[in-house]
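J.: Predicted model and sequence follow; I will ask about them next.
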Amino acid sequence: MSSSEAAVPGSGAIAPGPGTAAPSRQRRFRRFLRRSEPVFAITPFVVYAFLGMGIPAIAVIYEAFHSDSGRWTMGNINLVLHGVFLTGFENSIKLGLLSALIPGVLGVFLAYAIQTSHSTVLRRLCATASGVLANFGGINLTFIFLATLGSAGVLTFWLHDVGINLASIGFNITTFSGVLVVYLYFQLPLMVLVITPALGGLRANWREAAENMGASSWSYWRYVGVPVLLPSILGGMLLLFGSAFAAYATAESLTLGLIALSPIQIGNFLNGNVIAGQTHVGDAIAFGMLIILSITMILYSLVRRRASKWLR
Amino acid sequence: MAPLEGSGSLYEVAQSENQYVETASTGSARRGRKFRWWRLVVLGLAGAYFLIPIYAGLKFSFENVAGHFSFQAFRNLPSAPGFTAALSLSLKLALVTVVASTVLMVPTSIYVHVRVPRLRRILDVVTVLPIVIPPIVLIIGVLGAFPLWAKSSPYLLSFMYVILAMPFVYRSLDAGLGAIDLKTLTEASRSLGGNWIKTLWRVILPNIRPALLSATVLTLALVFGEYTMASLDLWQTIPVWIVQFQVSSDGNIQVAASMLGLVGTWILLIIVVSLDRSQSRRSRRKLGAS
């Protein structure tokens, strides 16, 4: 903070000699300004963040516990913990878990296959591709997949030609299984992005040391590779869980809002499909989502701290 | 192309991209000369999964009703009802968001880096919050708490997009500022008689130009793909228009518009990735020199 001296030009110019009250008060004021300069400088950011995140979060929590008439109530929370809204949470958690576990495991294999290949071009290409594809969620993905696996989709016809009828094996792109398949499209690249630095942390000499001591490939992975990677894998999966659990756009546009997932149910409340006296139920669902996501992120930061041990 | 769907994803791109390039070359060249069949299977399956939908999207975009190759869908797109209105709304929101985000985030990040590095931790935590609080929760809070005059303006979306873009914008600025020797630069500029405005404008900003550009690009990708908030705030931006477009008139237009969105995001994000790379190369050169 030595450079903060320079902030107030001429602050040292006032000779400390004349001991009258006015200059000393002025100096004290200047020192106050200098000390509080950092506070002033980040105030716009803090105010903006509070308006954009603090106020909405407080509003959600406040309204979750208040009835339409403004009275304190547990009714909203109670309602959300039963029936169709509970199903929504269950489905969302199930979707989050499945679309964390499947791409979580596949992503490790994919990242390893990419990383151990000897082609620099392939590695570069895959790094860029996963950076790009991990961000390709949203509604565009919906229509690309409707063109692929919809009732008139390209892959649907190809599979039909080899004798597989998707509808008869219970797959429908506009239901839970479809949403899961579509989510893989951005979850898998995301896992590759997250896990690649950790794979780079596996030193070649660990493997050589294990082999010198007579370890087989399996026991190397069992006792060295997987234990070292595990925190990173878990961290990646937690991130994937949060991302799938909270996603709205793809699921809503794919199923036209007809799937029982918590984010979609909130959206239905906002779209005006509300029974009288239940306007704050959406806030109660949002409050529940906040709790689940906070737990996820706390676990993530714990696991990440553990994982970073091997990356140094 | 809503980058927020994988809500942590852009954030991770900013974080991991540099690491990737550096760690990728450490794989031992000695190992694995022998043919690995499983690698071929894994890469082949992944390639099929990622390429077939793109092929399907292209096929639908470039085929007319009779099944022949044509540009009909793209030619009809500009004249489709509501398209120009949605495009101009998205453009206006993008402009306002980029300007507001730059004006808010650039001075704050630079100030914190130069003068109060201990506040960086707070900035780190606050700018990650939009990933913990998803857009769907933010928008229900906003619609419940904000006054009517704010809710009746489309620029409320811009206000919220600045929040949603914070993780990506701050990550790129943070990386950009970390890659240059900020202390030496500012001290040199000050000792040559430059005031703060001059130092900022003539010394710092030109040095973090790649970071500024990648922050802008990420913000643009976000605004042009964001669906959740726009649809629930009842404004017809481009993604909302695509979804609400009447399928009965021409279904291929939706796929074509989505493919345009895909290609657009691709180009934008490839710019970001290559910018990050050139920046990490620069910072490595700097480290090697010192």
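T.: Thanks, I have it.

J.: how many neighbours does residue 138 have?
T.: I'll assume chain A. 30 (other CB atoms under 10 Å in any protein chain shown). (Glycine included, C-beta is placed from N, CA and C.)

J.: The chain in question should be chain B.
T.: Residue B:138 has 25 nearby residues by other CB under 10 Å.

J.: Just give the closest residue to it, not the sequence neighbours.
T.: Nearest residue to residue B:138, sequence neighbours excluded (CB to CB, 6 or more residues apart in numbering or on different chains): residue A:56, at 5.0 Å.

J.: what's the answer for residue A:198, then?
T.: Closest to residue A:198 by CB to CB, 6+ apart is residue A:232, at 3.5 Å.

J.: cool, residue A:144 as well?
T.: residue B:57 (4.2 Å).

J.: Could you report the neighbour count for the one you found?
T.: Using other CB under 10 Å: residue B:57 sits among 25 other residues.

J.: Could you do residue B:75 as well?
T.: Going by other CB under 10 Å, the residues that sit close to residue B:75 add up to 10.

J.: That one sits in which helix or strand?
T.: Applying DSSP states H and E as the criterion places residue B:75 in helix B:72-76.

J.: which residues are there in the stretch 151-290 of chain B that come within reach of chain A?
T.: B:159-160, B:162-163, B:166, B:186-187, B:190, B:221, B:225-228, B:231-232, B:239, B:242-243, B:254-255, B:257-259, B:261-262, B:265-266, B:269-270, B:272-273 (CB under 8 Å from any CB of the partner chain).

J.: Sort out which residues of the helix or strand containing the residue nearest to residue A:198 are buried, please.
T.: Here residue A:232 sits within helix A:226-246, counting by DSSP H and E. Neighbour-count burial for helix A:226-246 flags A:228-229, A:231-246 (criterion: 16 or more other CB atoms under 10 Å in any protein chain shown).

J.: and the gap between residue B:202 and chain A?
T.: Here residue B:202 is placed at a distance of 17 Å from chain A (CB to the nearest CB, to the nearest Å).

J.: Low-confidence regions, the stretch 101-250 of chain B specifically.
T.: Residues of the stretch 101-250 of chain B that meet the criterion pLDDT under 70 lie in B:246-250.

J.: which residues in chain B form strands?
T.: With DSSP state E, there are no strands along chain B.

J.: Relative to residue A:187, how far out is the spatially most central residue of chain A?
T.: In chain A, the residue lying closest to the centroid (CA atoms, centre = their mean) is residue A:243, at 4.0 Å. Here residue A:243 is placed at a distance of 7 Å from residue A:187 (CB to CB, to the nearest Å).

J.: Also residue B:263?
T.: Following CB to CB, the distance that separates residue B:263 from residue A:187 is 22 Å.

J.: Which of those two has more residues huddled nearby?
T.: residue A:187 (32 against 15).

J.: what's the helix or strand for the more buried one?
T.: With DSSP H and E as the criterion, residue A:187 is inside helix A:176-200.

J.: swap in residue A:106?
T.: helix A:83-115.

J.: Would you mind identifying the next helix or strand past the helix or strand bottoming out on mean pLDDT in chain A?
T.: One helix or strand of chain A scores below all others by mean pLDDT, DSSP states H and E: helix A:120-133, with a mean of 79. Next along the chain after helix A:120-133, taking DSSP H and E as the criterion, comes helix A:139-149.

J.: After that next one, which helix or strand is next?
T.: helix A:154-161.

J.: Okay, buried residues for that following helix please.
T.: Neighbour-count burial for helix A:154-161 flags A:154, A:155, A:156, A:159 (criterion: 16+ other CB under 10 Å).

J.: Residue A:183: which of these is nearest?
T.: residue A:155 (16.9 Å; CB to CB).

J.: Look at that closest one and report its pLDDT.
T.: Listed pLDDT for residue A:155 reads 90.

J.: how many other residues sit next to the residue nearest to it when sequence neighbours are not counted?
T.: For residue A:155, ignoring the flanking residues on the chain, the nearest one in space by CB to CB, 6+ apart is residue A:148 at 4.9 Å. Residue A:148 is flanked by 23 other residues according to other CB under 10 Å.

J.: OK, contacts around residue 87?
T.: Went with chain A since none was named. Neighbour list for residue A:87: residue A:260 [criterion: CB atoms under 8 Å, 6 or more residues apart in numbering or on different chains].

J.: let's do chain B instead
T.: residue B:238 are the contacts of residue B:87 under CB under 8 Å, 6+ apart.

J.: For residue B:257, see how far away it is.
T.: Counting by CB to CB, the gap from residue B:87 to residue B:257 is 10 Å.

J.: Give me the pLDDT value at residue A:13.
T.: For residue A:13, pLDDT reads 43.

J.: Please determine how far the residue nearest to the centre of chain A is located from residue B:235.
T.: Taking CB to CB, one finds residue A:243 at 25 Å from residue B:235.

J.: now do residue A:53
T.: 21 Å.

J.: Figure out the helix or strand that the residue nearest to residue B:138 lives in.
T.: Using DSSP H and E, the element containing residue A:56 is helix A:55-64.

J.: Could you name the helices and strands sitting against the next helix or strand after that helix?
T.: Downstream of helix A:55-64, the first helix or strand assigned by DSSP H and E is helix A:75-80. Helix A:75-80 sits against helix A:83-115, helix A:281-307, with contacts defined as 3 or more CB pairs under 8 Å, 6 or more residues apart in numbering or on different chains; DSSP states H and E.

J.: Output those helices as CSV; include the columns mean pLDDT.
T.: Formatted as CSV, the helices and strands packed on helix A:75-80 follow (pLDDT from 0 to 100):
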stretch, mean pLDDT
helix A:83-115, 91
helix A:281-307, 89
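
J.: want to throw these into JSON lines with distance to residue B:104?
T.: Formatted as JSON lines, these follow (distance: least, CB to CB, whole Å):
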{"stretch": "helix A:83-115", "distance to residue B:104": "32"}
{"stretch": "helix A:281-307", "distance to residue B:104": "24"}
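
J.: and residue 230, what does it touch?
T.: All of this is about chain A. With CB under 8 Å, 6+ apart, residue A:230 has no contacts at all.

J.: The intended chain is chain B.
T.: Residue B:230 neighbours (CB under 8 Å, 6+ apart): B:157, B:236, B:237, B:239, B:240.

J.: Go through those residues and flag which are in helices.
T.: Among those, the members found in helices (DSSP state H) are B:157, B:239, B:240.

J.: Return the closest of those with respect to chain A.
T.: residue B:239 (4.9 Å; CB to the nearest CB).

J.: Find the nearest non-adjacent residue to the closest one, please.
T.: residue B:227 is the one closest to residue B:239 (CB to CB, 6+ apart), at 4.2 Å.

J.: shouldn't the one you found be in contact with residue B:238?
T.: No - contact between residue B:227 and residue B:238 fails when scored by CB atoms under 8 Å: they sit 9.3 Å apart.

J.: Could I get the full set of helices for the stretch 1-150 of chain B?
T.: Remark: helices assigned in the stretch 1-150 of chain B by DSSP state H, counting those that start in this stretch are B:9-24, B:37-61, B:72-76, B:83-114, B:120-132, B:135-145, B:148-151.

J.: could you dump those to TSV with distance to residue A:264?
T.: Converted to TSV, the helices of the stretch 1-150 of chain B look like this (distance: least, CB to CB, whole Å):
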stretch	distance to residue A:264
helix B:9-24	21
helix B:37-61	23
helix B:72-76	29
helix B:83-114	23
helix B:120-132	20
helix B:135-145	9
helix B:148-151	22
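
J.: ok, the residue of the stretch 51-200 of chain B found nearest chain A - contacts?
T.: Using CB to the nearest CB, residue B:141 is the residue of the stretch 51-200 of chain B that sits closest to chain A, at 2.7 Å. Residues counted as contacts of residue B:141 (CB under 8 Å, 6+ apart) are A:55, A:56, A:57, A:58, A:59, A:60, A:283, A:286.
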